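Student: sharing a sequence plus its predicted fold:
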Amino acid sequence: MHAKSAAPSIRVALVEDDVYFQQALRDAIDGAPDMALLSVSSTRAQGLQALKGALVDVLLVDLGLPDGSGIDVIRAAHAQWPACGIMVCTAFGDEMHVMQSLEAGAAGYLLKDSTAHSMLNEIRSLHAGGSPISPLIARQILMRFRRQEKPVAISVTAAQGKPRAALSAREQQVLEFITKGFTSDEIAALMSVTRHTVLTFVRRIYSKLEVSSKAEAIFEARYQGLLDA
């Protein structure tokens, strides 16, 4: 068994009503020396209540809760803990749930087809700035945006009457690194700047693109023609 460090670097909260999945994640996180599970909620109400407690780095949320939708928890967490990485872990893989979750503030979306121990790497990836998404879900998202793009043969921004986001050269560089899957730490090393500087660039990109997650930023940037197709 791994010995827990004095101050685990990744603080995790879980909103999950499936007792078996819940226990499997408890055991996996308990055996990870770099993680600590600060709270476990089984309902929407408990999940919202947990947001009044200690700030966490990663929040895992199921969507189908006994008393409502986990999307409500995601939306509230994104507003209250903007720096927290939120990841959906669910059996729902339909487009409506996926898009509502991303719009609410989720940065990752995983179907419950992974083992609890493999989830640890996904948690680390999310904490490092990644956006873990199950392949099936990623394909759905891409197909949705392709469908949206088909009728637009010329400038989308012109058709919408919306000005194209004006990114600085450094912001454009960060956006391209994000698109290629680099984490904030990796981008900082590549650009010879601090992680804080990279996060500042990311916040500016989000603001200019009017989005709230990396997945949305990538899709909106492609939609505006800021990235190669």
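Tutor: Happy to help now that I have it. Remember, it's a predicted structure, so these values are computed and weren't measured experimentally.
Student: look up how far residue 101 lies from residue 211.
Tutor: Computed as C-beta to C-beta, to the nearest Å, the residue 211 to residue 101 distance reads 14 Å. The way it works is simple: take the backbone N, C-alpha and C, and place the C-beta from them, glycine included.
Student: residue 189 now?
Tutor: According to C-beta to C-beta, residue 189 and residue 101 sit 31 Å apart.
Student: neighbour count: these two, which is higher?
Tutor: Neighbour totals were compared for residue 189 and residue 101, and residue 101 leads with 28 against 13 (other C-beta atoms under 10 Å).
Student: backbone dihedrals for the more buried one, please?
Tutor: phi -70, psi -40 (degrees, to the nearest 10).
Student: read off the pLDDT value for the nearest residue to residue 44 once chain neighbours are set aside.
Tutor: Nearest non-adjacent residue to residue 44, counting by C-beta to C-beta, 6 or more residues apart in numbering: residue 68, 3.9 Å away. Residue 68 is assigned 92 on the pLDDT scale.
Student: residues in contact with residue 68?
Tutor: Residues in contact with residue 68 (C-beta atoms under 8 Å, 6 or more residues apart in numbering) are 43-45.
Student: quick check: domain ranges of this structure?
Tutor: By the assignment in automatic domain parsing, the chain contains the domains 10-141, 152-223.
Student: tell me the most buried of those?
Tutor: Counting by mean count of other C-beta atoms under 10 Å, domain 10-141 has the highest mean neighbour count of the domains of the chain, with a mean of 19.
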